[in-house]
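Novice: Here is my input; please provide its structure:
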Amino acid sequence: MQIITRELSFKEGEQYPRDQLDSIFKWNRNRVYRTNLFNEVTFNTIDVEDGLVDIKIDLTERWYIYPIPIFKLADRNFNDWWVNRNRDLSRVNIGLRLSHFNFRGRSERLRLTTQFGFTTRLSLGYRIPYIEKTQRHGLIFNFAFLEAKNLAVVTRDNVRRFLQGEELLRKVFTSRVTHSFRNSFYSFHFLNIGHTNVQIADTVAALNSNYLGESATNQSYFRAGYQYSWDKRDNRNYPLDGEWYTAGIAKFGLGIFDDGVDFWTLSLSAAKFNDLGKNFYHASNLIALFSFPDERSYFNYFSIGFLKNSLRGYELNIIEGSNYLIQKNEIKKKILSHKQDLSGFMPVRQFQIFPISLYGKVFFDQGYAKGYPDYTGSDKLDDQYLYAYGVGLDLVIIHDSVIRFELSRNKLDETNFFVNFLSAF
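Specialist: Predicted coordinates for the structure are as follows:
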């Protein structure tokens, strides 16, 4: 109950004019839905007397515990694997991820991952949304260990080149503790400190002397950072209305270890989502990263081309740069919205309704990356204005999972059809 009431802008006993209820219900519904604890959230009124009404909130809980088998590609996206890696099935990771989205019944999130195959990964994540009565301060813990016998050692023509061997090529251990502070419904502050330790084989250092810098085979450093987020999206996984702004600063290398890690980053992001009416929607997003000084090891390079920090039309490439800008735009229309009732053969109540939505869209993306000094791995696309445009379909299914089908044309006069399993925004 506390998790729900902390999201509401009204309290028991308060009174509001009837003509304000629709607007109040809309944004409160979004806030409750964004906890990711419920499949459906509905606000209704019950007439009482003298024009007064009670507010009834109907909730359909999600299934909270997911033991999910891992069978996924090790590459950045499906297209990178299909084209650049020749559909090599040895580049698959298998394992098990156990996620609990309502641990201890307080919206705490626990995630354990055991992964083998192309990359071995053991990780633990634990998020406590609040640790005191005001429900404003929280903690997030993340720990991960990775080791690989297959490793991207260099980049040539904006494509990472891998080395495969019998010996372990790299081990990485990371840990991070984050303090979160929520001072309003939409405003979040995050202060974190973490540690990274990297060990590589002599073979890797011989092939790329700048992998960890100056032919080093070990790198260990602390980092500290702060991020502010103002999030008023109606849905975090596939937003259609609202806005989201973030700004962050981080320092890599705190002077504790003498391993050459010493740089700052400043990150900014702004996203706007508009419901245009009649099932038309608009989305626009700006992402900026600035880092200084430019000189650093290959392991600490930043790139366009990972997860949502990508330009559509360039899925086959990474674009490495110390500073970059990404700007995305799209207009889409809902073509289909359907909820399939599976109660006839699905015994678990939380999965008896299977939602399906389909959106048709047009998009235009643009960006720029400033290349690293004396570095040629991303020469083809660094230090120039980049753009791409196209059309596509977004298939949105249970828990707002997204499959994107996109036909694009980019600055290199390449026409490509790409499939992605992550929202573009």
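
Novice: Following element in sequence after the longest helix seen in the chain, please.
Specialist: Counting residues, the longest helix found in the chain (DSSP state H) is helix 21-33. Sequence order places strand 38-47 as the next helix or strand after helix 21-33, per DSSP states H and E.

Novice: partners of that following strand in the sheet?
Specialist: strand 53-61 (antiparallel) (DSSP bridges).

Novice: Could you list the buried residues of the strand it pairs with?
Specialist: 55, 57 (16 or more other Cβ atoms under 10 Å). C-beta: built from backbone N, CA, C; applies to glycine.

Novice: Based on its surroundings, how many neighbours for residue 286?
Specialist: By other Cβ atoms under 10 Å, the residues close to residue 286 number 16.

Novice: Residue 107 versus that one, what's the distance?
Specialist: 30 Å (Cβ to Cβ, to the nearest Å).

Novice: now residue 47
Specialist: According to Cβ to Cβ, residue 47 and residue 107 sit 32 Å apart.

Novice: Averaged pLDDT, the longest helix of the chain. What do you get?
Specialist: Helix 21-33 shows a mean pLDDT of 75.

Novice: packing partners for that helix?
Specialist: Under the contact criterion of 3 or more Cβ pairs under 8 Å, 6 or more residues apart in numbering; DSSP states H and E, helix 21-33 touches strand 38-47.

Novice: by how many degrees do the strand it packs on and helix 21-33 diverge?
Specialist: Here strand 38-47 points in a direction 150 degrees away from that of helix 21-33 (axes from the mean of the first three to the mean of the last three Cα atoms, to 10 degrees).

Novice: low-confidence ranges in this structure?
Specialist: Residue ranges of the chain with pLDDT under 70: 1-3, 5-6, 13, 36-37, 39, 50-51, 60-64, 105-106, 348-351.

Novice: Would you state the helices of the protein in chain order?
Specialist: Under DSSP H, the chain gives helices at 2-5, 21-33, 78-79, 202-207.

Novice: Reformat those helices into TSV and put distance to residue 142 and mean neighbour count next to each item.
Specialist: Below are those laid out as TSV (distance: least, Cβ to Cβ, whole Å; neighbours: other Cβ atoms under 10 Å):
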stretch	distance to residue 142	mean neighbour count
helix 2-5	22	15
helix 21-33	25	16
helix 78-79	26	18
helix 202-207	25	16
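
Novice: Contacts made by stretch 116-133 with the rest, please.
Specialist: 3, 6, 74, 90-95, 103, 106-115, 135-148, 150, 180, 182 (Cβ atoms under 8 Å, 6 or more residues apart in numbering).

Novice: isn't residue 385 right up against residue 327?
Specialist: No. Taking Cβ atoms under 8 Å as the definition, residue 385 is not a contact partner of residue 327, at 11.0 Å.

Novice: Spit out the residues that contact these two alike.
Specialist: Taking Cβ under 8 Å, 6+ apart as the criterion, residue 385 and residue 327 both touch residue 366.

Novice: then the longest helix of the chain to PDB, C-alphas only?
Specialist: The C-alpha trace of helix 21-33 is given here as PDB (Å, rounded to 0.1, in the frame of the first residue of the first chain):
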ATOM      1  CA  LEU A  21     -10.500  14.700 -12.000                       C
ATOM      2  CA  ASP A  22      -9.600  13.500 -15.500                       C
ATOM      3  CA  SER A  23      -6.300  15.300 -15.500                       C
ATOM      4  CA  ILE A  24      -5.500  14.200 -11.900                       C
ATOM      5  CA  PHE A  25      -6.300  10.600 -12.800                       C
ATOM      6  CA  LYS A  26      -4.200  10.600 -15.900                       C
ATOM      7  CA  TRP A  27      -0.900  11.600 -14.300                       C
ATOM      8  CA  ASN A  28      -1.500   9.600 -11.100                       C
ATOM      9  CA  ARG A  29      -2.300   6.600 -13.100                       C
ATOM     10  CA  ASN A  30       1.000   7.100 -15.000                       C
ATOM     11  CA  ARG A  31       2.900   7.400 -11.800                       C
ATOM     12  CA  VAL A  32       1.500   4.200 -10.300                       C
ATOM     13  CA  TYR A  33       2.000   2.300 -13.600                       C
END
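
Novice: Convert the C-alpha atoms of stretch 186-196 to CSV, please.
Specialist: This file holds the C-alpha atoms of stretch 186-196, laid out as CSV (Å, rounded to 0.1, in the frame of the first residue of the first chain):
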residue,chain,number,x,y,z
TYR,A,186,9.4,13.5,-10.9
SER,A,187,12.8,14.6,-9.6
PHE,A,188,15.6,12.2,-8.7
HIS,A,189,19.2,12.7,-7.6
PHE,A,190,21.8,9.9,-7.7
LEU,A,191,25.3,10.0,-6.1
ASN,A,192,27.5,7.1,-6.7
ILE,A,193,31.0,5.7,-6.2
GLY,A,194,32.4,2.6,-7.8
HIS,A,195,35.6,0.6,-8.5
THR,A,196,36.8,-1.2,-11.7
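
Novice: tell me which residues of it are tucked away?
Specialist: By neighbour count on 16+ other Cβ under 10 Å, the buried set for stretch 186-196 is 186, 188, 190, 192, 194-196.

Novice: Out of the residues you listed, which comes closest to residue 227?
Specialist: residue 190 (4.5 Å; Cβ to Cβ).
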